[in-house]
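Asker: Fold the following, please.
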Amino acid sequence: MPVRVQEFKQQSANYFVRLMNKLRQGSIVKPDTKDDGFVRQGNVTRFLAACSSYGLSNDDLFQRDDLVEATSESLARVAKTIITLI
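Answerer: Residues are numbered from 1 along each chain as shown. From the prediction side, this is the model:
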């Protein structure tokens with residue numbers, strides 16, 4: 001797996017939390033800052049819940065496992081969520 005994809009997988013939860021809080025201040029009040037897999041999954045779950053409350057439909061949301069798979073198809077779903085959000 002290319003280094004950039006691995007780095008994205010590790011940092012994406014933090015990016016998502018920051019993005020949502022920029023769009024809607026206080027959407028994710030207490031993101032976890034630890035750097036382990038469970039925390040990252042928790043932050044992704046918080047991001048997806050905030051997207052849902054922001055008005056995105058389930059069809060517009062990626063699945064948490066899409067970040068783990070990191071295939072071109074799964075990352076396209078992640079991009080679709082972000083594009084729909086902004």
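
Asker: rest of the way, CA atoms for contacts and neighbours
Answerer: OK.

Asker: now Arg24: how far from Ala70?
Answerer: Remark: distance between Arg24 and Ala70 (Cα to Cα, to the nearest Å) = 27 Å.

Asker: what about the helices in this structure?
Answerer: 3-23, 37-54, 64-69, 72-85 (DSSP state H).

Asker: Just name the most buried of those.
Answerer: Among those, the stretch with the highest mean neighbour count (mean count of other Cα atoms under 10 Å) is helix 37-54, at a mean of 18.

Asker: Can you list the low-confidence ranges for the protein?
Answerer: The model of the chain has pLDDT under 70 over residues 1-11, 33-40.

Asker: returning to that earlier point: quick one: which of Arg24 and Ala70 has more around it?
Answerer: When Arg24 and Ala70 are compared for neighbours, Ala70 comes out ahead with 17 against 13, by other Cα atoms under 10 Å.

Asker: how close does that one get to Phe47?
Answerer: When distances are taken as Cα to Cα, Ala70 and Phe47 turn out to be 18 Å apart.

Asker: Asp60 and Thr84 touch, don't they?
Answerer: Yes. Taking Cα atoms under 8 Å as the contact criterion, Asp60 and Thr84 are neighbours in contact, 7.0 Å apart.
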